[in-house]
Structure formats: structure tokens, C-alpha cells
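Predicted model and sequence below, questions to follow.
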Amino acid sequence: MDVDVRHQPTRTVAVVRRHVRMDELAAFYDTAYGEVARTVGEAGARISGPALGWYHGMPTDTVDVAAGFPVEGLENGPLAGRVEVVELAGGPALVGLHVGSYDDLGAAWAEVEAARAEHGRPGRGDFWEEYVTDPSPSGDPSRNETLLVLPLA
């Protein structure tokens, strides 16, 4: 996987953010994405990019994660239910495209971290995954495309 420094734009995102046990992460994503999509539509706004998982701090047996989508037509603040609209700050970031199963994301993130160490710059403290392809139960997981983004301080 090629990992390089790219400038990320600041974006407005609608998300559900929670502390989740790692073994409950997939279920959280499934619920959160549906809730965000429904709430954004009901607010008369539109989703403007792929689903993302935005991590705050390093995961252990639990993770502080926000799941949602970039959006247009909404101001920062709470929406209905657990959905909130926030700014995802841009700036320089290490970015790599992982093609393959979600089961291999840990190894892909290790490559991004190795690139960060080579650059000698600290991370900002958050990172995210953009799920470029929309996986389907009948699809081939080896063809999933996930953009890995590690903002630099």
C-alpha cells in the first residue's frame, strides 16, 4: 500500500459518537449509519461522501468512535436522536488506500504508522477510515476499498 502526505479539506460531517467495545464495533456501525442517513434526509440535507469511521485516541478493548457521513446543507450542532453535526478538521495527513478485507485493516494501519514514524511527525490524535466501496453481503471482501487517513500535528 502506498502511503503519502496529502492535504485533507475541512468537512462537515453528521455522526453518532460513542465509546464502544471492539467486539461491538460492527453492530455499532450498522446502527449508526442507518440512523445518520435517515436523520440527514429528514433534515432536508444530503450526504456528500462515503461512510466514515472517525476514531478519537488509540483503540484498546474499547474505542471512542464516530460513524457517519460528510454532509451538505447542515449547520454544526445536534440533530434528532443521537446524531450531531460537527467539523472534521483538515490539514496534512498520511493517506493510504487499503484494498481488501476489513479483517486486514490492522496490518494496513501498521503500514500507515510506519510511514508516520519515517516522516518523524506526530499524529494529531485522531484518525479515520473512509469506506470507498459500499460492501454488500454478497460481495467479495477482497475488493473492499478503504481510505486510511492519519492527520499529522
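Sure thing, it's come through.

the strands in the protein, which residues?
3-8, 11-21, 46-47, 52-56, 62-72, 77-78, 84-88, 91-99, 126-131, 145-151 (DSSP state E).

quick check, distance from the last one to the centre of its chain.
Between the centre of strand 145-151 and the centre of its chain there are 8 Å (C-alpha atoms, centre = their mean, to the nearest Å).

Give me the contacts around the helix ranked longest in the chain.
Using DSSP state H to define each element, the chain has its longest helix at helix 25-42. When contacts are defined by C-beta atoms under 8 Å, 6 or more residues apart in numbering, helix 25-42 is touched by residues 14-16, 18, 20, 46-47, 51, 53, 63, 65, 67-69, 71, 74, 79-83. Using the backbone N, CA and C atoms, a C-beta is placed for each residue, glycine as well.

hang on, the earlier thing: with mean neighbour count as new columns, can the strands of the chain be given to me in TSV?
Output for the strands of the chain, formatted as TSV (neighbours: other C-beta atoms under 10 Å):
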stretch	mean neighbour count
strand 3-8	14
strand 11-21	18
strand 46-47	16
strand 52-56	19
strand 62-72	20
strand 77-78	9
strand 84-88	17
strand 91-99	18
strand 126-131	20
strand 145-151	19
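
can you put those strands in a markdown table and add mean pLDDT?
Below are the strands of the chain laid out as a markdown table (pLDDT from 0 to 100):
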| stretch | mean pLDDT |
| --- | --- |
| strand 3-8 | 97 |
| strand 11-21 | 98 |
| strand 46-47 | 96 |
| strand 52-56 | 97 |
| strand 62-72 | 97 |
| strand 77-78 | 94 |
| strand 84-88 | 98 |
| strand 91-99 | 98 |
| strand 126-131 | 97 |
| strand 145-151 | 98 |
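
Pipe the ones you listed into JSON lines and attach distance to Glu113 per row.
Shown next, in JSON lines, are those (distance: least, C-beta to C-beta, whole Å):
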{"stretch": "strand 3-8", "distance to Glu113": "9"}
{"stretch": "strand 11-21", "distance to Glu113": "22"}
{"stretch": "strand 46-47", "distance to Glu113": "30"}
{"stretch": "strand 52-56", "distance to Glu113": "13"}
{"stretch": "strand 62-72", "distance to Glu113": "16"}
{"stretch": "strand 77-78", "distance to Glu113": "34"}
{"stretch": "strand 84-88", "distance to Glu113": "20"}
{"stretch": "strand 91-99", "distance to Glu113": "9"}
{"stretch": "strand 126-131", "distance to Glu113": "10"}
{"stretch": "strand 145-151", "distance to Glu113": "8"}
